[in-house]
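>>> model this:
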Amino acid sequence: MNDTNDIFPAPDSPQSTPPPQAVRVSFPQSAPYVTYAIIGVTAVVFLLQVISIVIFGRSSGGMDLVEAYGALIGSAIRSGQVWRLITPMLLHDNMFFLHIVFNMYALYSLGVGLERQFGHRRFLVLYLLGGFSGNVLSFLISSRYYSYSIGASTAIFGLIGAEGVFLFQNRKLFGQNANRAIGNVIFIAAINLFIIGSLPGIDNWGHVGGLLGGLMFTSLAGPLWSVESTFTGYSLVDRRSAGDVINGAAAVLIIFGALAILGMVR
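Presented below is the predicted three-dimensional model:
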């Protein structure tokens, strides 16, 4: 999916009967600066966490000062601190450095290709919605069992779900490669949910929520590429409109926002 040039079947012509021929078209080539920016901001927040430990130490619950104000804590959200449904995706375990390393590597691996396909703004919306939906489900279920939850994996699972839906909806363009790529996405999601997610201390419901948010948003607002002929050759055109993106984002926000409200008033 990260390839910049692929060969797709040319669009059918109503005036010809021969089978469609393969044509070469280019995917968008813009630099994935939103992915880089998210990695940069997350790294800065992690550095602030480390600095806060040096200056202030840890709380009795083992949290640093930044975690104390931004981690997903069920009781704090129910008291009105709703920003905790967003901020946990920027926080990581400062006692386990590989936590942020693994998450940022996954973000880079998935984000570079997805951002080029989705565009900068739509990709940012996808990432935030994946993190939000994952944190909502974590708030509803996991916060009963864990004192707090942090990590970008909720948003990253949103990217996994988005990649699977994107490949499925555009499978005619990718040909035989689509089935193999979709199978890889399903395999990665299954390994993370059923094997890694079963390990102690893993907030698997947050992963499930992020996956659902990414699936839902991309189903409604993800790119639908088609090959169209022009005077200069062939080009890829996204059939999704700006209105589709707004409606898709609104659907995810309304559904998971309603779940969050339900969790706050129950």
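>>> could I get the CA-only coordinates of the host helix or strand of His99 as PDB?
Using DSSP states H and E, His99 maps to helix 98-118. The C-alpha coordinates for helix 98-118 follow below in PDB (Å, rounded to 0.1, in the frame of the first residue of the first chain):
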ATOM      1  CA  LEU A  98       9.600   0.200  24.800                       C
ATOM      2  CA  HIS A  99       6.000   1.200  25.300                       C
ATOM      3  CA  ILE A 100       6.400   4.500  23.400                       C
ATOM      4  CA  VAL A 101       9.000   2.900  21.000                       C
ATOM      5  CA  PHE A 102       6.600   0.200  19.900                       C
ATOM      6  CA  ASN A 103       3.600   2.500  19.500                       C
ATOM      7  CA  MET A 104       5.500   5.200  17.600                       C
ATOM      8  CA  TYR A 105       7.000   2.500  15.300                       C
ATOM      9  CA  ALA A 106       3.500   1.200  14.600                       C
ATOM     10  CA  LEU A 107       2.300   4.800  14.000                       C
ATOM     11  CA  TYR A 108       5.100   5.400  11.500                       C
ATOM     12  CA  SER A 109       4.600   2.000   9.700                       C
ATOM     13  CA  LEU A 110       0.800   2.600   9.300                       C
ATOM     14  CA  GLY A 111       0.600   6.300   9.200                       C
ATOM     15  CA  VAL A 112       2.900   7.100   6.300                       C
ATOM     16  CA  GLY A 113       0.900   5.200   3.800                       C
ATOM     17  CA  LEU A 114      -2.500   6.000   5.300                       C
ATOM     18  CA  GLU A 115      -1.800   9.700   5.400                       C
ATOM     19  CA  ARG A 116      -0.900   9.800   1.700                       C
ATOM     20  CA  GLN A 117      -4.200   8.000   0.900                       C
ATOM     21  CA  PHE A 118      -6.500   9.800   3.300                       C
END
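>>> show me what that helix is packed up against.
Using 3 or more C-beta pairs under 8 Å, 6 or more residues apart in numbering; DSSP states H and E, the elements in contact with helix 98-118 are helix 33-56, helix 120-140, helix 153-169. C-beta: built from backbone N, CA, C; applies to glycine.
>>> which of the ones you listed sits closest to Gly197?
In terms of C-beta to C-beta, the element of the helices and strands packed on helix 98-118 nearest to Gly197 is helix 153-169, at 9.6 Å.
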